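Participant: what follows is a protein structure lacking sequence information:
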């Protein structure tokens, strides 16, 4: 806080006097004595504080301090260092306590942050003071709290990871590289016993990508149940263009599975899913370009027959582009090898195994992209 005070008198206070004054102030903080603390100020002081605003006079300082002690029963000020020069005093300290009322962060959260207090001392009371609270810690806590809530909401938007239906079993999981990510997957029920799923990756990371991903999930979720994958992706592309989010696009695979095992899919610029069976493998590449970038584009779709025991694996680029400590990408060949050697695993176990192998491969490096895997088997 900044206070103005009378001029014209020489300051004959010694450094020892000033140290003694600040020892009294520290004792008043420890004993939570608002009156004793206020007594160290001049009667006509003016104080500016980020919490209580501008305080004029000793009485106002005392009242504000009482309210502060009442709001934060365990509030403590640790005085770490005093810098003295010509009646100017800089106190470096740390304020700590528990935010019981949720003034700065969530209720009941302990806090501590650095404090710098600038004083002018004349005739031994404090006549000028400016308190500088470093609230960056609080801001970081708020951001972390909001991101935690956002991550919980994003997980709620994902469907139940494991589904067993008539003639199929599917499982999926997504591991964001930050608190929340731009990858998503979703399941949809359709007429005549069909089951549909989508897996996508929005350009970018963090909250902006997650918000667009949630929007795209909603767009796909309200698509006509009679429409095919290519038509659904065409409509989704137009919906994204109408929202005109600059520099944002998404890759998506949308697929339907009939009761007799016919898989119809369309791929909008996404990593091609992989079907692996006892007789070999194939990549599902039919479709078109990414969503949200070009107008008047159309998509193609393809139907393939899945036989019992076939494993279909859809994934985001974070899987194949994971990099080892030696700078080598995981790649499609390692993914294919992983699938071939684990065909006997259930979809749930295979999802976990793929994530485990990729994370072990990239051990010692920062995860730079979301990791999302969906496994479907024909039963």
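Facilitator: Done, it's in. Just so it is clear, the model here is predicted, and its values are computed rather than measured.
Participant: where do the strands sit along the stretch 51-200 of the chain?
Facilitator: For the stretch 51-200 of the chain, the strands defined by DSSP state E, counting those that start in this stretch cover 53-56, 76-85, 88-99, 109-121, 126-133, 162-165, 168-175, 183-189, 195-202.
Participant: can you redo the ones you listed as TSV with mean pLDDT?
Facilitator: As requested, the strands of the stretch 51-200 of the chain are exported to TSV (pLDDT from 0 to 100):
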stretch	mean pLDDT
strand 53-56	90
strand 76-85	88
strand 88-99	90
strand 109-121	87
strand 126-133	86
strand 162-165	93
strand 168-175	95
strand 183-189	92
strand 195-202	95
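Participant: quick check: which of the ones you listed is nearest to residue 347?
Facilitator: Of all the strands of the stretch 51-200 of the chain, it is strand 168-175 that lies closest to residue 347, at 3.8 Å by C-beta to C-beta. (C-beta placed from N, C-alpha, C; glycine too.)
Participant: helices and strands around the closest one, which ones?
Facilitator: Secondary-structure packing of strand 168-175 (3 or more C-beta pairs under 8 Å, 6 or more residues apart in numbering; DSSP states H and E): strand 162-165, strand 183-189, strand 195-202, helix 347-361, strand 371-378.
Participant: kindly reformat the strands of the stretch 51-200 of the chain as TSV containing mean neighbour count.
Facilitator: Rendered in TSV, the data for the strands of the stretch 51-200 of the chain read as follows (neighbours: other C-beta atoms under 10 Å):
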stretch	mean neighbour count
strand 53-56	15
strand 76-85	13
strand 88-99	17
strand 109-121	17
strand 126-133	20
strand 162-165	15
strand 168-175	21
strand 183-189	21
strand 195-202	25
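Participant: and of the ones you listed, who's closest to residue 28?
Facilitator: Of all those, it is strand 76-85 that lies closest to residue 28, at 9.6 Å by C-beta to C-beta.
Participant: partner strands of the closest one, with direction?
Facilitator: Looking at strand 76-85 with DSSP bridges, its partner strands are strand 88-99 (antiparallel).
Participant: from the middle of its chain, how far away would the strand it pairs with be?
Facilitator: On the basis of C-alpha atoms, centre = their mean, to the nearest Å, strand 88-99 sits 30 Å off its chain's mean C-alpha point.
Participant: stretch 372-379 too?
Facilitator: Relative to the chain's own centre, stretch 372-379 is displaced by 28 Å; criterion: C-alpha atoms, centre = their mean.
Participant: ok, residue 102 to residue 149 distance?
Facilitator: Distance of residue 102 to residue 149, given as C-beta to C-beta, to the nearest Å: 14 Å.
Participant: nope, residue 310 is what I meant
Facilitator: Counting by C-beta to C-beta - residue 310 and residue 149 are separated by 40 Å.
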